[in-house]
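S.K.: What follows is a predicted structure for the sequence shown.
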Amino acid sequence: MNDELTIRSELRAGDLGRIATLHGETYDPIGGYGLRFEAYVGQTVAEFVLGSDGGGKVWLAERGKRLVGCAAIVLRNNKVGQLRWVVVDPAERGNGLGGRLVKSALAYCRESGCRSIILETTDGLPESQAMYEKLGFKIFFDEIEELWDGPRALIKMELDL
């Protein structure tokens, strides 16, 4: 069996469910990211496919046939890219895969003429937030909101290009 890590950018049948599943399985142990969070990811990925009209790109990291990482950019109005669905399987962490996926997304935004990139994250993900800050993202919103499984800090960050 081929266990090589590959990254592709074209979505195929079955990928939407795999993206939602990877998020659900990865984040559920943290607490506050239960079934409603997985459903939210599934909904937003489906909206991207049904309504983006080519306005963005997805990167899927696979080891063999197993999805082990994901990141995407949704192109918004006013030349803004939104970084979405960044996740790395816990078994794959520590080898730079998350940074590699996010850097591919940032390069895509630059090539697409974006003036900035925004993202939403939450508390409880210090490694992710540290990576975003290291890449130059700055917090512009940090407030408690009712999210998937209760109140939690919603953090919005932006990177000017």
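M.R.: That came through fine.
S.K.: Quick one: low-confidence residue ranges for this protein.
M.R.: 1, 52-54 (pLDDT under 70).
S.K.: if we go to 90?
M.R.: Along the chain, segments meeting pLDDT under 90 span 1-3, 30-34, 51-55, 77-78, 123-127, 148-150.
S.K.: where along the chain do the helices fall?
M.R.: 15-27, 35-51, 97-111, 126-134 (DSSP state H).
S.K.: want to try a markdown table for those helices, with distance to V68 and mean neighbour count as columns?
M.R.: Heads up, the C-betas are built off the backbone N, CA and C, glycines and all. A markdown table is the format used below for those (distance: least, CB to CB, whole Å; neighbours: other CB atoms under 10 Å):
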| stretch | distance to V68 | mean neighbour count |
| --- | --- | --- |
| helix 15-27 | 8 | 18 |
| helix 35-51 | 16 | 15 |
| helix 97-111 | 7 | 18 |
| helix 126-134 | 16 | 14 |
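S.K.: Dump those to CSV, plus distance to R66.
M.R.: What follows is the helices of the chain, written out as CSV (distance: least, CB to CB, whole Å):
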stretch, distance to R66
helix 15-27, 9
helix 35-51, 18
helix 97-111, 13
helix 126-134, 21
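S.K.: A71 is nearest to which of these?
M.R.: Among the helices of the chain, helix 97-111 comes nearest to A71, with 3.8 Å by CB to CB.
S.K.: which helices and strands sit right next to that closest one?
M.R.: When contacts are defined as 3 or more CB pairs under 8 Å, 6 or more residues apart in numbering; DSSP states H and E, helix 97-111 packs onto strand 5-8, strand 56-63, strand 66-76, strand 80-88, strand 116-122, helix 126-134.
S.K.: Pull out the buried positions in the fifth one.
M.R.: Of the residues in strand 116-122, those with enough neighbours to count as buried (16 or more other CB atoms under 10 Å) are 116-119, 121-122.
S.K.: One more: the fourth one?
M.R.: Buried residues in strand 80-88, counting neighbours by 16+ other CB under 10 Å, are found at 80-88.
S.K.: same thing with the shortest one?
M.R.: Of the residues in strand 5-8, those scored as buried under the neighbour-count criterion (16+ other CB under 10 Å) are I7.
S.K.: Against which helices or strands is that strand packed?
M.R.: strand 56-63, helix 97-111.
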